[in-house]
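Enquirer: Starting from these lines, generate the structure:
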Amino acid sequence: MSDLKNKVKRHFDQVELSDTQFEKFNSIMLNERKAKSSLVNWLKILVPTFTLLIVFFVTNPFVSLENKVMDEIVRNHLKKMPSEIVTESLAAAEHRLDKLDFSLISSVHTKDMKLIGARYCSIQGIIAAQLKYEDNDGNRYTVYQVPLQDAFKYIHGKIDTSTIKGVDVNLYAENGILVGMAISI
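Expert: Modelled structure (predicted):
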């Protein structure tokens, strides 16, 4: 085996490239390095750009807080989660929802409705109450209460109304509480 190894080594030691072959080989290697360098440069530009685009679309600053809250209310409403607390008393619901750091209010928008249940939820990462109401015609509403965010601090009354994914949503600021009402249409 050693003899074969020596013969191969001697053969390649005797092989020489002509000047033309050497220039061609050198040109190929140089082009390969340029191509790799070009790819690396493009990646240095593209990766941060795509990262910024992803962050931009996820945290789109052009979507108002009102729209973000209404979208979240619709998502919660469409989940149709059952009430954890079945009660007609707002005081009883508040007593059982003891992790809330605010007091539930009897909203002017639900005064002619009957409370049928309650549960916890969150709105924009803040713990909230999800209250189920029924009107005199048997229509069921999901009402959300959460402390007013700073962006709504100076607003009283109606904030916004919209229909999203077949759900009518109304936002109100009332007694320091953000009230969101949702009903499927």
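Enquirer: Show me what secondary structure element comes after the helix or strand bottoming out on mean pLDDT in the chain.
Expert: Every helix and strand in the chain was compared by mean pLDDT, DSSP states H and E; the lowest is helix 19-58, with a mean of 68. Downstream of helix 19-58, the first helix or strand assigned by DSSP states H and E is helix 65-79.
Enquirer: How about residues contacting that following helix?
Expert: With contact meaning CB atoms under 8 Å, 6 or more residues apart in numbering, helix 65-79 is reached by 121, 123-124, 130, 142, 144, 149, 151-152, 159-160, 162, 164-165, 167, 169, 171, 178, 180, 182, 184. Placement of C-beta: from N, CA and C, glycine included.
Enquirer: With stretch 98-118 instead?
Expert: Here stretch 98-118 has contacts from 82-90, 93-94, 96-97, 120, 127-136, 140-141, 143, 145-147, 170, 172, 174-177, 179, 181, using CB under 8 Å, 6+ apart.
Enquirer: Now which of those would you call buried?
Expert: 83, 85, 87, 90, 93-94, 97, 128-133, 141, 143, 145-147, 170, 172, 174, 177, 179, 181 (16 or more other CB atoms under 10 Å).
Enquirer: Spatially, what comes nearest to Ala173 if we skip its sequence neighbours?
Expert: Ile155 (4.5 Å; CB to CB, 6 or more residues apart in numbering).
Enquirer: In this structure that neighbour contacts Leu171, no?
Expert: No: the criterion here is CB atoms under 8 Å, and Ile155 misses it with Leu171 at 9.3 Å.
Enquirer: Of these two, give the one with the bigger neighbour count.
Expert: Leu171 (22 against 16; other CB atoms under 10 Å).
Enquirer: Paired strands for the strand or helix carrying that one, with orientation please.
Expert: Element membership for Leu171 (DSSP H and E) is strand 167-174. Strand pairing for strand 167-174, determined by DSSP bridges: strand 157-164 (antiparallel), strand 177-184 (antiparallel).
Enquirer: Where do the domain boundaries of the protein fall?
Expert: 2-58, 65-184 (automatic domain parsing).
Enquirer: most tightly surrounded among those?
Expert: Among those, ranked by average contacts under mean count of other CB atoms under 10 Å, first place goes to domain 65-184 (a mean of 16).
Enquirer: Show residues contacting stretch 172-185.
Expert: 69-70, 73-74, 76-78, 102, 104-105, 107-110, 123, 139-149, 152, 155-159, 163, 166-171.
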